[in-house]
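Trainee: please work out how this folds:
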Amino acid sequence: MLIWRYIFRAHIAPFIFGTATIMALFLMQVLINWIDKLAGKGLDIFTIVEFIVLSLSWIVVLAVPIGVLFSTLMAYGGLSSTHETTIFKASGMGLFTMMVPSVIGGLALWAFVFWYTDNVLPDSNLRLSTMMRDINRTKPTFAVEAGQFTTQIEGYTILARDMDTAGTMYGVTIYDNSRADQQNIVNADTGKLGFSPSSTRLIVQLSSGEIHQVNRRRPMDYRTITFARHQIAMPSDRFFYEQSDPTGSSRGEREMRISDMQEIVDRSSAIVAVSDRVTDSLLRGHIAWLSGKGANGATDTQTALLRAQSTVISIRSQLESESFRRSGEVNTIRRYEVEIYKKYAIPFACILFIVVGCPMGILTKGGNFGISAAISLGFYVVYWASLIGGEKLADRGLLSPAFSMWLGNIILGIVGILVSIRVNYEISVFGLLKSAFRRSTAASA
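Mentor: Numbers count the residues shown, from 1 in each chain. Take a look at the predicted model:
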């Protein structure tokens, strides 16, 4: 037990470091894509922090398995580089016994990631998608620049020829196109911008100017109004971030639990079964008609041809309708089954990366950061390429959802078994197979 605790403690620091590094890399990619929207729309710090936390919620699921692989490589590579694994083997402890503490930790992480993926992640994904829509709808922070037309307010165009440091505008022209039947052009010597107390209206205080009113329906109806003081209230909708309530939003497949998606799969499967029965009934009826049962009552050839044409058109229309209906439901089944199996496959990678990382760390003596990071990156690329490629193939109907989502795990499992046999028994699996093939060939000769 002391040795197991020693091995387990060797995992903790590399696991935290590896997981945190992957999370930081993914988060950096997210922030690079969203930095202009987060910084350019006047969002408060609490909203930005909430966006980052919600983004980290799905990054955790991707980072934990690779953190497991990195920590396993570091721990067992370090034991191998200091010849501690040799001492363990000399005392009668094989590879599979040395792997026990890692496997126990991997099982705990597998249970946690699976629970998190099915219970926490759907709700956080829903909140994140709702927040993304709210941020996209939010207009950039309103600002007027001297000498440039400002068109951020729908129906209004503002031009300030000069501005001072206090925000006072000089030589102001406002084009008011908010009304369909009338256009107002307002010219003023000075102007001041500000929001109403409720932040729902933008108030422009103007001094010493005139208003030119043009009736769009009667161009000859033209008026000029001179003023000493004038105020214009403009709508300021979406200049401030407003968070929507996500509870009423519709959920996509990545925002549902397994039980919710399984209900949709069962419902679509039932519809496909009904469609198959309807199609079978239509084909049986058409075959019966072709055999002559449907032609009874025809008085001449012309009538028979017209009846045949009408029947064929009707059956073809019904078959196309059922085919389109069935195809849509089958695509729905594939899409949701992919997400269901993904929720099982990704957490299980926590165990498979241990099966791969333990013997690989001992073989390569990868107790340093560079070797462990390089091996982790290689397996990570292979695994996620298999996962993403399998998802695309499953969505197109070229592979079953179960096989496509478990393809990466199957590859990892095969590699892990081969390398574990190589390290535990100190034999080459391929050499063993080659020797067995030679013996069988010699015996048959």
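
Trainee: which stretches of the stretch 151-300 of the chain form helices?
Mentor: For the stretch 151-300 of the chain, helices defined by DSSP state H, counting those that start in this stretch occupy the ranges 258-290.

Trainee: that one: strands as residue ranges?
Mentor: Using DSSP state E, counting those that start in this stretch, the strands of the stretch 151-300 of the chain run over 156-163, 169-176, 182-195, 201-215, 222-235.

Trainee: chain center to the last one: distance?
Mentor: The gap between where strand 222-235 is centred and where its chain is centred comes out at 50 Å by CA atoms, centre = their mean, to the nearest Å.

Trainee: contacts for that strand next, please.
Mentor: 153-156, 174, 176, 186, 188, 196, 200-215 (CB atoms under 8 Å, 6 or more residues apart in numbering). No exception for glycine: its C-beta is placed from N, CA and C like everyone else's.

Trainee: cool, the second one as well?
Mentor: For strand 169-176, the surrounding residues in contact (CB under 8 Å, 6+ apart) are 144, 146, 155-164, 183-193, 204, 206, 209, 232.

Trainee: do the first one as well
Mentor: Under the criterion CB under 8 Å, 6+ apart, residues 144-151, 169-178, 191, 204, 234 lie in contact with strand 156-163.

Trainee: mind giving me a markdown table with the strands of the stretch 151-300 of the chain and columns for mean neighbour count, mean pLDDT and distance to Gly106?
Mentor: Shown next, in a markdown table, are those (neighbours: other CB atoms under 10 Å; pLDDT from 0 to 100; distance: least, CB to CB, whole Å):
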| stretch | mean neighbour count | mean pLDDT | distance to Gly106 |
| --- | --- | --- | --- |
| strand 156-163 | 18 | 88 | 61 |
| strand 169-176 | 19 | 90 | 65 |
| strand 182-195 | 17 | 87 | 55 |
| strand 201-215 | 16 | 87 | 58 |
| strand 222-235 | 12 | 86 | 57 |
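
Trainee: among those strands, which is nearest Ser80?
Mentor: Ser80 lies closest, by CB to CB, to one member of those: strand 182-195, at 66.1 Å.

Trainee: please name every helix or strand in contact with the closest one.
Mentor: strand 169-176, strand 201-215, strand 222-235 (3 or more CB pairs under 8 Å, 6 or more residues apart in numbering; DSSP states H and E).

Trainee: what's the closest of those strands to Leu128?
Mentor: strand 222-235 (28.7 Å).

Trainee: that closest one pairs with which strands?
Mentor: As defined by DSSP bridges, the strand partners of strand 222-235 come to strand 201-215 (antiparallel).

Trainee: in PDB, list the C-alpha atoms belonging to the strand it pairs with.
Mentor: C-alpha atoms of strand 201-215 as PDB (Å, rounded to 0.1, in the frame of the first residue of the first chain):
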ATOM      1  CA  ARG A 201     -33.200  56.500 -24.500                       C
ATOM      2  CA  LEU A 202     -30.300  58.500 -25.900                       C
ATOM      3  CA  ILE A 203     -30.900  62.200 -25.200                       C
ATOM      4  CA  VAL A 204     -29.400  64.900 -27.400                       C
ATOM      5  CA  GLN A 205     -29.500  68.400 -26.000                       C
ATOM      6  CA  LEU A 206     -29.000  71.000 -28.900                       C
ATOM      7  CA  SER A 207     -28.500  74.700 -28.800                       C
ATOM      8  CA  SER A 208     -29.000  77.500 -31.500                       C
ATOM      9  CA  GLY A 209     -30.100  75.700 -34.600                       C
ATOM     10  CA  GLU A 210     -32.900  75.000 -37.000                       C
ATOM     11  CA  ILE A 211     -34.900  72.000 -38.200                       C
ATOM     12  CA  HIS A 212     -35.700  71.300 -41.900                       C
ATOM     13  CA  GLN A 213     -38.800  69.100 -42.300                       C
ATOM     14  CA  VAL A 214     -39.600  67.500 -45.600                       C
ATOM     15  CA  ASN A 215     -42.800  65.500 -46.200                       C
END
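
Trainee: all good on my end, thank you.
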